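Asks: all I have is the shape, not the residue letters:
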């Protein structure tokens, strides 16, 4: 009785063809469902420093908004609320110069909607050089 010596050695084999099919199917799924749309990026024009540009550039137009929502263009108060009275006041002060830089100064307690309304009025008039004035935060003394 030869029990152990006549047995054939069975070779163990792992069939990877099914695994490859599954991986290729997943790969195709991810390739087809991926969006290749490039999201719009904010265009930032960095400032350039030179002595000649400062002399030729008109002074910045200032739009101020206090905590109560009252708007001021330069030193003149805008009578009325909303976009239209603000547009009229800005157009009166700025004239036809739409390349003039504009600084928006708003109180820290001003509702965000008032600042957006000022930005909307400036955008409708064609102003493209907008900045929002801030003050540096005060570091607590140690």
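Replies: Received the coordinates, thanks. Predicted model only: the values in this text are computed from it and were never measured. Residues are numbered from 1 along each chain as shown.
Asks: and the residue lying closest to residue 73 once chain neighbours are set aside, what does it touch?
Replies: Computed as Cβ to Cβ, 6 or more residues apart in numbering, the closest residue to residue 73 that is not its neighbour in sequence is residue 89, at 4.4 Å. All C-beta spots, glycine's among them, are computed from the backbone N, C-alpha and C. For residue 89, the contacting residues are 71, 73, 76, 78, by Cβ atoms under 8 Å, 6 or more residues apart in numbering.
Asks: tell me, how many residues neighbour residue 127?
Replies: A count of neighbours around residue 127, defined by other Cβ atoms under 10 Å, yields 20.
Asks: that one contacts residue 100, correct?
Replies: Yes. Applying Cβ atoms under 8 Å as the test, residue 127 and residue 100 come out as touching, 7.3 Å apart.
Asks: what's the overlap in contacts for these two?
Replies: Taking Cβ under 8 Å, 6+ apart as the criterion, residue 127 and residue 100 both touch residue 94.
Asks: related to what we said a few turns ago, so which of the contacts of residue 89 sits lowest on pLDDT?
Replies: By pLDDT, residue 76 ranks lowest within these, coming in at 86.
Asks: quick check: buried residues in the helix or strand that contains the residue nearest to residue 73?
Replies: Using DSSP states H and E, residue 89 sits in helix 83-94. By 16 or more other Cβ atoms under 10 Å, the buried positions in helix 83-94 come out as 86-90, 93-94.
Asks: and of those residues, the nearest to residue 123?
Replies: Relative to residue 123, the closest of these is residue 87; by Cβ to Cβ it sits at 10.2 Å.
Asks: what's near enough to touch the closest one?
Replies: Residue 87 makes contact with 121, 124-125 under the criterion Cβ under 8 Å, 6+ apart.
Asks: could you list the buried residues of the longest helix anywhere in the chain?
Replies: Longest helix in the chain by number of residues (criterion: DSSP state H): helix 17-33. Buried positions in helix 17-33, judged by neighbour count with 16+ other Cβ under 10 Å: none.
Asks: how far does it sit from the chain's center?
Replies: 37 Å (Cα atoms, centre = their mean, to the nearest Å).
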